[in-house]
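Sequence plus the predicted model coming up.
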Amino acid sequence: MELAGITKRFPGVVANHDIHLTVRKGTVHALVGENGAGKSTLMKILYGMQKPDEGTIAIDGEQIAFGSPADAIARGIGMVHQHFMLADNLTVLENVVLGSEKLYGIGGNARKKINEISERYGLGVRPDALVENLGVADRQRVEILKVLYRGATTLILDEPTAVLVPQEVDALFDNLRELKAEGLSVIFISHKLGEVLSVADDITVIRRGTTVGTAVPAETTPRQLAEMMVGSELPTPETAESTVTDRPVLTVDKLRLEAEGGRAVLDDITFTIHAGEVLGLAGVEGNGQTELIEALIGLQHADSGTIALGEEDITPWPTRRRRESGVGYIPEDRHRHGLLLEAPLWENRILGHVTERPNAKGFWLDPKGAQDDTRRIVEAYDVRTPGIDVTAASLSGGNQQKLIVGREMSHSPKFLIAAHPTRGVDVGAQAAIWDHIREARREGLAVLLISADLDELIGLSDTLRVIYNGRLVADADPATITPEELGSAMTGAASGHLEHEETTDEAAGPEDEAR
Amino acid sequence: MKKFDKERVLLAVAGPVIALVAAIVLTSVVLIASGKSPIEPYTLMLQQAGYSDVQVLILNQASMYYLAALAVAVGFRMNLFNIGVDGQYRLAAMMTAVVGAHLALPSFLQIPVLLIVGMLTGAFWAGIAGVLKVTRGVSEVVATIMLNSIATSLIGYLTLSDVWGVQVGNNMTTGVMKDSGWIPGIDLGSDVGEIYGLVFLAVAMGVVYWVVLNRTRFGFDLRATGESETAAAASGVDAKKMVLTAMLISGAVAGLSGLPLLLGDAHTYSLSFPTGLGFTGITIALLGRNNPIGIAFAALLIAFLDKASPALDYATPVAYEKEIATIMQGLIVFAVVISYEAVRQWGLRRQQKQVGAELAAAAARNNSQKKQEVAAR
């Protein structure tokens, strides 16, 4: 498959510009780039969801134009979306045949075909399992099978590893190698560079809507790749020297939180974060992280146990009082918890700190003070915006996040809850956010860092804890632990103090290097 | 960024204008369908608006609508739907009338006392719905609708002659209020009429509404709750306290909305006291986009439809049904809801694109140099 000179304009914006991409048969071709670099638009063009304004697409030397995804499917192009498109209450078989009943019917023939595909590519899919009983990795395999069932010879996978733990990623890569061996082509979109290097045969880097280069994995390091992506020297999440003091800032003791009906969603949570310390919390999503954040910020009140900020017991305090006394909050879902999307930036600067200067003078708001300070934040935190009167919704995710970080840091918090602080944020903004956290840490800030990005977690934290099923089940030393070892504790397979095993050292090559 | 300011004003005006045009067109369709002139009723009504006595009627009516709409808007700004303004203002007007008929203080005390009685009664009645919502999770929509019916029955009971009522002919009243509680208006002569004194209260309330919402911490919390309940909660807004406070304020403002008529003209609460202000207030708050100036225009418009339409019945040579105005009000509500949502989404997308374009333009300027760096690598 070959794409040449693809250009796509949206009103006022050029999303893709002069894109060149050649995918060889029987290879995994990785497409890497920052968020907003234009990867998604390119994929939509490839999959027939958008038409390019200029440029050509050729398959096996034959020029073609897609009018709709149906055309693309007919040409053997299949797409596995980042968000799965499966009906939970149907079986795997039903999900696979849905919409393609004409191919092999809905009965025995279809089942035979599914088993055949599953066997051939080592997918291990059971046709009669209910999708709602499947884990994330299994669902992904069903999605891949769905695409293969429709006769795809070129698969597009959009950020397939975003939802997987390291072990599952390895399994996925084994599947991809099987596909490759059978002569299929895979286009793999990602911005996790270590993964890209380990699975891809060719790499194309896209930046600001255009292809800036290609790379051969064997001759490239993650660092070089990242620099191509960002176009500048790249910082790492590594924290240089320890700044941990012995002054406890946040002390949580035997915290327990119950869901309706008395089931514990958090149980026996005990930890202390000292001034200048970043405590990293690893865990598969949905194991109590959200509840822990809500308990710390005061949105839910503990059923038993205590939370102390410095010397003071803040367990019964409402949210506002906690925030006023120096609890900063970078929420995991910034759209739901961190921003008023339809309000201008300067009003968003007030959010969460409405009782504090420079936003208010006593009972009265101080719009001018807030506006001036928003301008300062925009400048200091490099929020890319044409002004402070535009709505928060019109900024990109990274810039929204920088605004939130700037806002929270502006009130010199004592304790910061940073939940997925760089999720959905491009590499440039990511580095800036890390820098700000590190700087605040040097000045004595205590941070609770919750992240699905294990490299970030290991790189930034002074102490690591693993949460599983509402309990802190393991701890580890970030100086020696690898993402794989952390990953196994996250699935509940390991507990207690995680010791790094020397034997795995070599295997963890790219990640180590990335740190 | 002046450009975005101008744009915001444009978007704010576009919604109501589109809605009004659509409503007028649709009303004309109704007129054509019933075989009438699709233009003449409008000219007849506009003619009415030229007479100064009708103008006074419109202004007086608008002041009451304005207060009722402000009460609704306070709730709207935080996604609370106070449908109970109707019950709240009627009960408040009745209580004020009763107090005014039995209490005799000098004017400078009597009038404030009466205003406070009205506000407290309205706040109390709305507060019931507020308490139910915070403690039991009862939807304020359901609670306030029910409280409207209960208010009707309660007023019926309290105005019985063996309670506080005074029968005047066939009409049950609360007795005539002491004249120290009468609020003088601006008399424009016997053939024109009198502008209620409390018209100025309505204007003042508009200013207070704007200041509280836009310039106080409380107002910010209220708006934040309306825009994103989750974000507001995370920012430290106590949702329950906010619901209760907003209901109390909404009810207090509702309690004022019957008073321009009561203290300025009627001086007694009777069976002929106007009903339905609260419901019209919902239309007006919607049309005015919860904005104090927008609401003022909307209140004047609806008052105009009310006061200019009766003349249609007596028009010569062809009479029209004055219900045309009612049809139009209904259509306005529809058109308003649809056009606002459309304009809002269009505006958001448009701004996203503009911001993208501006940033892309800035990026393009840097891009050419950087591209060379990459090529070198």
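Received it, and whenever you're ready, just let me know what you need. Residues are numbered from 1 along each chain as shown, chains lettered A, B, ... in the order given.

State the number of residues packed around residue 116.
Just going to use chain A. Other residues near A:Glu116 come to 11 when the count uses other C-beta atoms under 10 Å in any protein chain shown. For glycine as for every other residue, the C-beta is placed from the backbone atoms N, C-alpha and C.

that answer is for a different chain, and I need it for chain B
Residue neighbour count, defined by other C-beta under 10 Å, stands at 14 for B:Ile116.

same check, this time on B:Arg215
Neighbours of B:Arg215 (other C-beta under 10 Å): 16.

Same question for A:Ser394.
26.

same thing with B:Lys178?
Count around B:Lys178 with other C-beta under 10 Å applied: 18.

Could you find the closest non-adjacent residue to it?
B:Ala104 (4.7 Å; C-beta to C-beta, 6 or more residues apart in numbering or on different chains).

ok now do that neighbour, which residues does it touch?
B:Gln110, B:Lys178, B:Ser180 (C-beta atoms under 8 Å, 6 or more residues apart in numbering or on different chains).

Let me know the helix or strand that it is in.
For B:Ala104, there is no helix or strand it lies in under DSSP states H and E.

In the stretch 351-500 of chain A, which residue sits closest to chain B?
A:Gly387 (3.2 Å; C-beta to the nearest C-beta).

of all the contacts of B:Ala104, which comes closest to chain A?
The closest of those to chain A turns out to be B:Gln110 (C-beta to the nearest C-beta; 30.8 Å).

count of residues packed around the closest one?
B:Gln110: 22 neighbours (other C-beta under 10 Å).

Same question for it, what's its three-state structure.
helix (DSSP: H, G, I helix; E, B strand; the rest coil).

Would you agree it is in contact with B:Asp179?
No. Contact criterion C-beta atoms under 8 Å: B:Gln110 and B:Asp179 do not qualify, at 9.3 Å.

Now do the same contact list for the most centrally placed residue in chain A.
Nearest to the geometric centre of chain A sits A:Arg423, at 4.5 Å (C-alpha atoms, centre = their mean). With contact set as C-beta under 8 Å, 6+ apart, A:Arg423 has these partners: A:Glu332, A:Ser451, A:Ala452, A:Asp453.

wait, doesn't the third one sit right on A:Ala419?
Yep, that's A:Ala452 we're talking about. No. Counting by C-beta under 8 Å, A:Ala452 sits too far from A:Ala419 to count as a contact (10.0 Å).

Compare neighbour counts for the two and give me the winner.
Neighbour count, other C-beta under 10 Å: between A:Ala452 and A:Ala419, A:Ala419 has more, with 23 against 20.

Which phi and psi values does that one adopt?
phi -100, psi 120 (degrees, to the nearest 10).

Go ahead and confirm it touches A:Arg334.
No. A:Ala419 is beyond contact range of A:Arg334, at 9.4 Å (criterion: C-beta under 8 Å).

pLDDT score for residue 166?
No chain specified, so I'll use chain A. Here, the pLDDT recorded for A:Pro166 equals 74.

wrong one, I was asking about chain B
Value for B:Val166, per-residue pLDDT: 81.

tell me which element the nearest residue to it once chain neighbours are set aside falls in.
Nearest residue to B:Val166 in three dimensions, chain neighbours excluded: B:Gly175, at 4.1 Å (C-beta to C-beta, 6+ apart). Of the helices and strands defined by DSSP H and E, none includes B:Gly175.

remind me which residues of the stretch 201-350 of chain A are low pLDDT?
A:208, A:223, A:230-241, A:285 (pLDDT under 70).

tell me which parts of it are close to chain B?
A:207-208, A:212-213, A:228, A:231, A:297-299, A:318-324, A:329, A:331, A:336-343, A:347, A:350 (C-beta under 8 Å from any C-beta of the partner chain).

Put the buried members of these into a ChimeraX selection.
Burial among these is assessed by 16 or more other C-beta atoms under 10 Å in any protein chain shown; the matching ChimeraX selection reads:
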select /A:207,208,212,228,231,297,298,299,319,320,322,323,329,331,337,338,339,340,341,342,343,347,350
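
In strands, which of the residues of the stretch 201-350 of chain A next to chain B fall?
When strands are assigned by DSSP state E, the members of these inside them are A:Arg207, A:Val212, A:Gly213, A:Tyr329.

which one among the residues you listed gets closest to chain B?
A:Val212 (4.8 Å).

Over in the stretch 251-377 of chain B, which residue gets nearest chain A? Let me know.
For the stretch 251-377 of chain B, C-beta to the nearest C-beta, closest residue to chain A: B:Ala357, 3.1 Å.

what's around that residue, how many residues?
16.

quick one: it is in a strand?
No. Secondary structure assignment (three-state DSSP) places B:Ala357 in helix, not in a strand.

Now do the phi/psi pair for A:Asp303.
According to degrees, to the nearest 10, A:Asp303 has phi -80, psi -30.

sorry, that was for A:Asp202
phi -130, psi 150.

cool, the one 3 residues further on as well?
The phi and psi torsions at A:Val205 (degrees, to the nearest 10) take the values phi -100, psi 130.

give me the beta-bridge partners of it?
A:Val32, A:Gly213 (DSSP bridges).

Show me where the stretch 51-200 of chain A has its helices.
A:69-74, A:92-97, A:101-104, A:108-120, A:136-149, A:166-181, A:193-199 (DSSP state H, counting those that start in this stretch).

Dump the ones you listed to JSON lines, plus distance to B:Ser37.
Formatted as JSON lines, the helices of the stretch 51-200 of chain A follow (distance: least, C-beta to C-beta, whole Å):
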{"stretch": "helix A:69-74", "distance to B:Ser37": "53"}
{"stretch": "helix A:92-97", "distance to B:Ser37": "61"}
{"stretch": "helix A:101-104", "distance to B:Ser37": "58"}
{"stretch": "helix A:108-120", "distance to B:Ser37": "66"}
{"stretch": "helix A:136-149", "distance to B:Ser37": "62"}
{"stretch": "helix A:166-181", "distance to B:Ser37": "72"}
{"stretch": "helix A:193-199", "distance to B:Ser37": "72"}
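
That'll do, ta.
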